[in-house]
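S.K.: Got a predicted model here, sequence first, then my questions.
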Amino acid sequence: MSGVVDQALELWGLSGSQVTLIATRENHVYRVDREDTSFALRLHRRGLHSNAALQSELAWLSALGGDGIGVPTPLAALDGQNLHTVDGIQVDVLSWLPGRPLGSTSAGIDHSDSPAVFRAIGREMARFHRASDRWTPPAAFSRWSWDRAGLLGDAPLWGRFWENPTLTGDDSELLTRYRRVANTDLAQMEASLDYGLIHADLVRENIMTDGQNVRFIDFDDAGFGFRLFDIATALVKNLNEPDYPLLKDALLDGYRQERDIDTALLDLFLSLRAVTYVGWITLRLSEEGGPARNTRFIETARTVVSEYLNRSAHGEG
């Protein structure tokens with residue numbers, strides 16, 4: 001990747017900067033330090049997004065940043081373009097946000113006042129949704145959709161979770177039944193739900209904290225979707241936290257300080273979010289840590305789905 005990095009730095013007028021590899025999970029992300037300013041250089045995973053989708057993301061981030069939302073904003077290259085392709089790899093450069101991640105999946109939440117920071121997350125999420133609604137996307141705007149088809153259709157965005165090859169017969173039957181019930185429940189209510197542009201991946205690693213200030217990074221999965229999906233994503237990885245009820249109440253309270261939302265179907269979206277990971281991991285089972293994550297995702301989905309089916313009017317017994 002060093003050749004691509006060097007060419008990208010030249011395109012953005014950043015040659016000679018200090019470069020540090022930060023992340024390699026989906027994209028390769030480098031921190032670029034130039035004098036007293038830092039940037040994020042992203043080398044995008046091949047085939048994940050089209051140029052149109054990435055340009056749409058960059059336009060959206062620019063609009064959000066201009067509206068005062070705490071997100072990284074694009075830096076134009078020397079030729080004025082925000083996106084380039086170098087040796088077949090799409091590259092762009094964003095501002096570097098201060099702070100540190102809220103935590104990690106393996107180590108939990110890293111903050112001295114979790115309820116306070118979750119209230120701040122709720123407020124910033126609501127501001128982010130409101131700013132996205134105020135913005136008029138360009139005609140060529142293109143991002144994927146976390147709609148009913150994207151979650152429960154024949155080709156969900158993150159894979160056919162009910163066909164994860166490691167599922168037991170009982171788990172496969174459970175998730176297949178859940179898909180049928182959830183599809184029925186969502187179909188009845190989707191027209192009345194709050195729907196628009198969402199982040200879709202507000203897990204601990206993608207929420208930067210600086211005291212009580214929070215900012216959002218990593219918009220790879222962002223697009224159109226139900227606003228409850230954003231809330232569910234911020235909560236589902238914290239279901240086993242001992243103070244989860246406090247965290248949930250704090251996030252919802254913070255959100256409603258800025259923007260109203262009907263959370264009657266939050267349990268449905270918690271279960272929808274849980275099963276997406278069972279599909280996502282299917283193509284990553286051979287990666288380091290893949291089997292352990294797969295086991296954890298299935299266990300969470302089994303618990304949340306079972307609870308949802310027991311409460312749903314269409315739970316089929």
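M.R.: Received the coordinates, thanks.
S.K.: Work out which residue lies at the spatial centre of this structure.
M.R.: Nearest to the mean C-alpha position of the chain, counting by CA atoms, centre = their mean, stands residue 201 at 1.2 Å.
S.K.: Now do the nearest residue to that residue once chain neighbours are set aside: how many residues are near it, please.
M.R.: Closest residue to residue 201 apart from its sequence neighbours, by CB to CB, 6 or more residues apart in numbering: residue 221 at 4.3 Å. No exception for glycine: its C-beta is placed from N, CA and C like everyone else's. By other CB atoms under 10 Å, 23 other residues sit near residue 221.
S.K.: Repeat that for the one 5 residues further on.
M.R.: Residue 226 is surrounded by 25 other residues when neighbours are defined as other CB under 10 Å.
S.K.: how about it, what does it touch?
M.R.: By CB atoms under 8 Å, 6 or more residues apart in numbering, residue 226 lies in contact with 146, 147, 190, 193, 194, 195, 198, 269.
S.K.: Next, the second one: phi, psi?
M.R.: Think residue 147. Phi and psi for residue 147, reported as degrees, to the nearest 10, are phi -90, psi -170.
S.K.: And the pLDDT for it?
M.R.: Residue 147 carries a pLDDT score of 98 in this model.
S.K.: Contact partners for it?
M.R.: Taking CB under 8 Å, 6+ apart, one finds 190, 195, 224, 225, 226 in contact with residue 147.
S.K.: now do 10 Å
M.R.: By CB atoms under 10 Å, 6 or more residues apart in numbering, the residues touching residue 147 are 153, 157, 186, 190, 195, 223, 224, 225, 226, 229.
S.K.: Can you say which two of the residues you listed are spatially most distant?
M.R.: 186 and 223 (17.4 Å; CB to CB).
S.K.: Comparing these two, which residue is more hemmed in?
M.R.: Taking other CB under 10 Å, residue 186 and residue 223 do not tie; residue 223 has more neighbours (24 against 19).
S.K.: Please verify my assumption that that one contacts residue 195.
M.R.: No: contact criterion CB atoms under 10 Å: residue 223 and residue 195 do not qualify, at 11.3 Å.
S.K.: pLDDT score for residue 315?
M.R.: On the pLDDT scale, residue 315 gets 61.
S.K.: just residue 70 next, same as before
M.R.: With respect to pLDDT, residue 70 has a value of 95.
S.K.: Next one: it from residue 287, what distance?
M.R.: Distance from residue 70 to residue 287, counting by CB to CB, to the nearest Å: 31 Å.
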